[in-house]
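Q: Sequence and computational prediction follow.
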Amino acid sequence: MARRATPEDVDRICRELPEVEFGTSWGDVPTYKVPTGPKGKGFVLFRKPHKTAIDPETGELYDDLLVIRVADAAEKAALVEDEASPFFTVPHFNGYNAVLVQQSRLGEMQVDELTEVITDAWCAVAPKSLVKKHFSDG
């Protein structure tokens, strides 16, 4: 039986993917990276509140945002334009292949949906040889 996603699922999903480490990027931003080591690239980042991401309903800075990488602009558009999806973007991310989601809205999707988005994020930044090794359709 499917269940709704939670913020705790993010950690579990990321850590179940091959060669992932939890570290920092952009100075001190908590980030899941692949591959492990100094060449790791972030695929899920915990974004700090910033003036470039303001909730249009409250006027407050978002304080629970995840940045999740996507493969390309088409994938970003598909997630953002889906009215049933909690994913969105802000002008600061124009031209950057990533979507935003509030952790408080993860429950608007099923765990399997979140798993697919995070796995795709991993695939978007992981070395192609690593993707091919772990996913036969890579």
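A: Arrived safely.
Q: tell me the pLDDT at the spatially closest residue to P35 that is not a sequence neighbour?
A: Spatial nearest neighbour of P35, chain neighbours left out: E19 (4.2 Å); criterion: CB to CB, 6 or more residues apart in numbering. In short, each C-beta sits where N, CA and C put it, glycine included. We have a pLDDT of 96 for E19.
Q: where does E19 land in three-state SS?
A: The three-state assignment at E19 reads coil, by DSSP: H, G, I helix; E, B strand; the rest coil.
Q: For L79, see how far away it is.
A: 25 Å (CB to CB, to the nearest Å).
Q: out of those two, which sits in the more crowded spot?
A: L79 (20 against 16; other CB atoms under 10 Å).
Q: next helix or strand past the strand or helix carrying that one?
A: Assessed by DSSP states H and E, L79 sits inside helix 73-81. Using DSSP H and E, the next helix or strand after helix 73-81 towards the C-terminus is strand 98-102.
Q: Next up, the contacts around P49.
A: L61, Y62, D63 (CB atoms under 8 Å, 6 or more residues apart in numbering).
Q: what do you get for R47?
A: R47 neighbours (CB under 8 Å, 6+ apart): V29, A53, Y62, L65, L66, V67, L100.
Q: likewise E57?
A: Per CB under 8 Å, 6+ apart, neighbours of E57: none.
Q: Now do the helix ranked longest in the chain against helix 73-81, angle only.
A: For the chain, the helix with the greatest residue count under DSSP state H is helix 111-125. With axes from the mean of the first three to the mean of the last three CA atoms, to 10 degrees defining the directions, helix 111-125 sits at 150 degrees from helix 73-81.
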